[in-house]
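1. Just a sequence and a predicted model for now, questions to come.
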Amino acid sequence: MRTIKRIFKICLMIIVIPLLYFTIVTIHGTIVEYKGPDQIELDAFGGDNTVSITDSTINILIWNIGYAALGKETAFFYDNGRVFHSGDLPVIMPKNLSDKNDAGIQDLLRKHPADFFLLQEVDQYSKRSYYKNQLDSISNVYPTYEAYYGVNYKVKRIPVPYFEPFNVYGQVDSGIATYSRFASSDALRLQLPGEYDWPYRIFHLDRCIIVNRYDYKDKELVLINLHLSAYDKGGVIKAQQMEFLKQLCSEEYDKGNYVILGGDWNQCPPDFEYDQLAKTNAAGFSQINIDKNFMEAGWTWAYDSQIPSNRKLRDPYDEDQSFVTILDFFLCSPNVVVNDVHVVSTNFEWSDHQPVMGSFTLK
């Protein structure tokens, strides 16, 4: 009889303790959940910039830097569906790899000067990047540039893997960052629509865009830095975000302004087959496309169709085996001429994305 009671108590503890842990984590996450306001005016970090746009041709580099932790050596436990236990995959990358990636990212930006840098997954204070302030370290590469930062991922404690409470993903404070050689007349963080159901939403990103305005002649250049939703089954949330962007862009163009959007769309551009660059490695992968009729005639989707900008994270990068595609590109209004767009090939050394450089003329 005692043996039966002992077994019963052990079984009860196995059920109650995890349930209590999940309950505490969820309640705490709900209480401290970050809710981005619909609109925030952004102040510039970095240099005191007074330079205005005078040349009609500008250069923009976009890059999801993967918080300097998703280099070629990385297989991400979450992309492998390991929500409960990480198995043989690290939850946080070793610090030596984080340091290597940080240095490589800064060096590449230094070697590829542009008028604007639109970066995604830039950490300010996160466990996954050893609490480094990447916004500041990148600002030091171009100290005279204005820097604008929009928080889109602010969680006190991300509790995955659930069955490893002492090895969790932990605190994240991250966002998107725009660096500019020119003085911005106005900068806003705009909250994007759409969210996951509770309680998942409290541990996911609050997607946003940064909208900068630059005076040019008697008009404005409206520059938009974006990072749309991932892990979005069926693209339901992305569809809401895209409609928001469409309305915003159309209104700005109707005013006569120049409009350029750039960043990580987490979907493929129109008419680009998601497996076009890696058909033999596409088993088990899929990616939605933007509808080719999404924007009115004259708008340009600008991307490099020959070199991938993204690789998947189920395994470390292998040029012959990894699935790669294009998720990073530009959208330009009809009064913007696309001179050139090309991927800067890094062999995915420092991030799961490769930078994309674009040259544009405001006509």
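-> Everything's here; your move.
2. Going by C-alpha atoms from here, please, whenever you check contacts or count neighbours.
-> Fine.
3. And the helix or strand containing Tyr153, how far out from the chain middle?
-> Secondary-structure assignment from DSSP states H and E places Tyr153 in strand 146-158. Its chain's C-alpha centre and that of strand 146-158 lie 11 Å apart, by C-alpha atoms, centre = their mean, to the nearest Å.
4. Paired strands for that strand, with orientation please.
-> Looking at strand 146-158 with DSSP bridges, its paired strands and their directions are strand 45-46 (antiparallel), strand 170-180 (antiparallel).
5. Check which helices and strands whatever helix or strand comes next after the first one is in contact with.
-> Past strand 45-46, further along toward the C-terminus, the next helix or strand under DSSP H and E is strand 57-64. Counting by 3 or more C-alpha pairs under 8 Å, 6 or more residues apart in numbering; DSSP states H and E, the packing neighbours recorded for strand 57-64 are strand 116-123, strand 258-264, strand 328-332, strand 356-362.
6. Just name the shakiest helix or strand of the protein by mean pLDDT.
-> When each helix and strand of the chain is scored by mean pLDDT, DSSP states H and E, helix 2-31 comes last, with a mean of 69.
7. Tell me the strands beside the following helix or strand past it, with direction?
-> Downstream of helix 2-31, the next assigned helix or strand under DSSP H and E is strand 39-41. Next to strand 39-41 in the sheet, as set by DSSP bridges, lie strand 186-191 (antiparallel).
8. what comes into contact with the strand it pairs with?
-> The contact list for strand 186-191, computed with C-alpha atoms under 8 Å, 6 or more residues apart in numbering, reads 36-43, 148, 150, 206-214.
9. Next secondary structure after that strand?
-> strand 208-216.
10. contacting residues for the closest residue to Asp43 other than its chain neighbours?
-> Leaving aside its chain neighbours, Asp43 sits nearest to Tyr148 (6.8 Å; criterion: C-alpha to C-alpha, 6 or more residues apart in numbering). Neighbour list for Tyr148: 42-45, 177-179, 187, 210 [criterion: C-alpha under 8 Å, 6+ apart].
11. Farthest pair within these?
-> The largest separation in these, counting by C-alpha to C-alpha, is between Phe45 and Ile210 at 14.0 Å.
12. between those two, who's got more neighbours?
-> Between Phe45 and Ile210, Ile210 has the larger neighbour count (other C-alpha atoms under 10 Å), namely 27 against 17.
13. about what we covered before: average pLDDT across the strand holding Tyr153?
-> For strand 146-158, the mean pLDDT works out to 94.
14. Also stretch 186-195?
-> Here the average pLDDT along stretch 186-195 is 94.
15. which parts of that stretch are buried?
-> Residues 187-193, 195 are the ones in stretch 186-195 that count as buried (16 or more other C-alpha atoms under 10 Å).
16. try stretch 117-134
-> In terms of neighbour count (16+ other C-alpha under 10 Å), stretch 117-134 has its buried residues at 117-130, 132-134.
17. distance between it and the chain's centre?
-> In this view, stretch 117-134 has its centroid 11 Å away from the chain centroid, taken as C-alpha atoms, centre = their mean.
18. for the record, mean pLDDT for it?
-> For stretch 117-134, mean pLDDT rounds to 97.
19. hmm, who's touching it?
-> Residues contacting stretch 117-134 (C-alpha under 8 Å, 6+ apart): 60-69, 92-93, 95, 98, 135, 169-180, 225-227, 262-264.
20. Repeat that for stretch 284-297.
-> For stretch 284-297, the external contacting residues (C-alpha under 8 Å, 6+ apart) are 234-235, 246, 267-275, 323.
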